[in-house]
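Novice: Task: produce atomic coordinates for the following.
(one chain, ligands or ions: 1)
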Amino acid sequence: MKLYYMPASCSLSPHIVINELALDVEMIKVDHTNHKTEAGLDFYDVNPHGYVPVLELDDGSHLSEGPVIVQYLADLKPDAGLAPAAGTMERYKLQEMLSFLSTEIHKGFIPLLYARLAGNYVETAKPKLEKRYQWINAHLADRTFLMGDRFTVADAYLFALTGWGQAAWLKSYYRAGIHFDELDHLAAWYGRVKQRDAVKKSIIEEGLALN
Ligand SMILES: N[C@@H](CCC(=O)N[C@@H](CS)C(=O)NCC(=O)O)C(=O)O
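Specialist: Sure, this is the predicted structure:
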C-alpha cells in the first residue's frame, strides 16, 4: 500500500495510524504548491480533487477521505483496538466523533488557514472553532482519550488537526491565535498523545519539529 501525504496536513492522521499498526506502507510525499509527487507524478491523476490523504491499495485502487482511510487501516488489524468492530454502537459513536472532527474542526480551521483571503469571515469562524474545542475540552475531563480509555483513530485525527492551532507559524496568519491555553484537559490529552511512539515516529518522518 501507499499513502499520499503532505507534511503537517490532515494526512498525519492516517500516517499515525499506519505507525500505530506497524503496517508496511510506502509514504509518497505530494508538493502542495504544484500537486506533484517527488517522482514527478501529477497528483490530480491519483485524486481529481487534488487533496491528501489518499491510500493506494495493492491492487492499484485508491481510497480517499481521511475518516474512511483510518477506519480501513484499523480494520486490517482489529485486535489493536484502534476502532471498535463494525456494526456495533461503539463503532457508530466513533464515526459520530470522526464526522464531528471532519466537519466541525477540520473544515472549521479552513478560514483561519486562509485568513488573508477569508477576511472578516475569520471573526465568525474563529469563535465557532474555539467553542467546538471547549466542548472537546469538557468531553476529555473524564476520559483519557476521545472515545474513553483506549487510543483510537479519532485521537490520531484530532492530534493532526490540533497541531495547526498550536503551530506558531500558522498563528501568525490569524488575527489572534486560537485560545487553547485555558483548555487544560485538551492540553493534557495532547501531551499524552504526543508521547506515543507511533506519533513521535510520524512527526519525525514528516520532518516536523518535536517541540
Ligand atoms: N475531504 C478530505 C479533505 C482533505 C483535505 O482537506 N486535505 C488538505 C490537507 S489537510 C489538502 O490536501 N489540501 C491541498 C489541496 O486541496 O490542494 C478529507 O477529509 O480527507
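Novice: tell me the helices in the protein, going along the chain?
Specialist: In the chain, the helices defined using DSSP state H lie at 12-20, 66-76, 89-100, 107-113, 115-118, 121-139, 153-166, 168-171, 184-194, 197-205.
Novice: ok, of those, where does mean pLDDT dip lowest?
Specialist: Lowest mean pLDDT within these: helix 168-171, a mean of 56.
Novice: With distance to the ligand and mean neighbour count added, can I get the helices of the chain in JSON lines?
Specialist: All C-beta atoms are positioned from the backbone trio N, CA, C, and that covers glycine. Below are the helices of the chain laid out as JSON lines (distance: least, CB to the nearest ligand atom, whole Å; neighbours: other CB atoms under 10 Å):
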{"stretch": "helix 12-20", "distance to the ligand": "9", "mean neighbour count": "27"}
{"stretch": "helix 66-76", "distance to the ligand": "4", "mean neighbour count": "21"}
{"stretch": "helix 89-100", "distance to the ligand": "9", "mean neighbour count": "16"}
{"stretch": "helix 107-113", "distance to the ligand": "8", "mean neighbour count": "17"}
{"stretch": "helix 115-118", "distance to the ligand": "14", "mean neighbour count": "13"}
{"stretch": "helix 121-139", "distance to the ligand": "15", "mean neighbour count": "15"}
{"stretch": "helix 153-166", "distance to the ligand": "8", "mean neighbour count": "23"}
{"stretch": "helix 168-171", "distance to the ligand": "12", "mean neighbour count": "12"}
{"stretch": "helix 184-194", "distance to the ligand": "18", "mean neighbour count": "16"}
{"stretch": "helix 197-205", "distance to the ligand": "15", "mean neighbour count": "17"}
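Novice: Quick check: the gap between P127 and Y114.
Specialist: 17 Å (CB to CB, to the nearest Å).
Novice: Let me fix that, I meant to ask about V153.
Specialist: 27 Å.
Novice: give the contact list for I16.
Specialist: By CB atoms under 8 Å, 6 or more residues apart in numbering, the contact set of I16 is 156, 159-160, 198-199, 202.
Novice: Try it again at 6 Å.
Specialist: Going by CB atoms under 6 Å, 6 or more residues apart in numbering, I16 touches 156, 198-199, 202.
Novice: count of neighbours near V25?
Specialist: Look at V25: counted by other CB atoms under 10 Å, it has 17 neighbours.
Novice: Does it touch H15 like I think?
Specialist: No. With contact defined as CB atoms under 6 Å, V25 does not reach H15; the gap is 8.7 Å.
Novice: still on that earlier bit, can you tell me which of the contacts of I16 is nearest V68?
Specialist: Using CB to CB, A156 comes nearest to V68 of the contacts of I16, at 13.6 Å.
Novice: can you list the domains in the protein?
Specialist: 2-80, 89-196 (automatic domain parsing).
Novice: Save these as JSON lines, and put in distance to A209 too.
Specialist: Shown next, in JSON lines, are the domains of the chain (distance: least, CB to CB, whole Å):
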{"stretch": "domain 2-80", "distance to A209": "10"}
{"stretch": "domain 89-196", "distance to A209": "9"}
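Novice: Much appreciated, bye for now.
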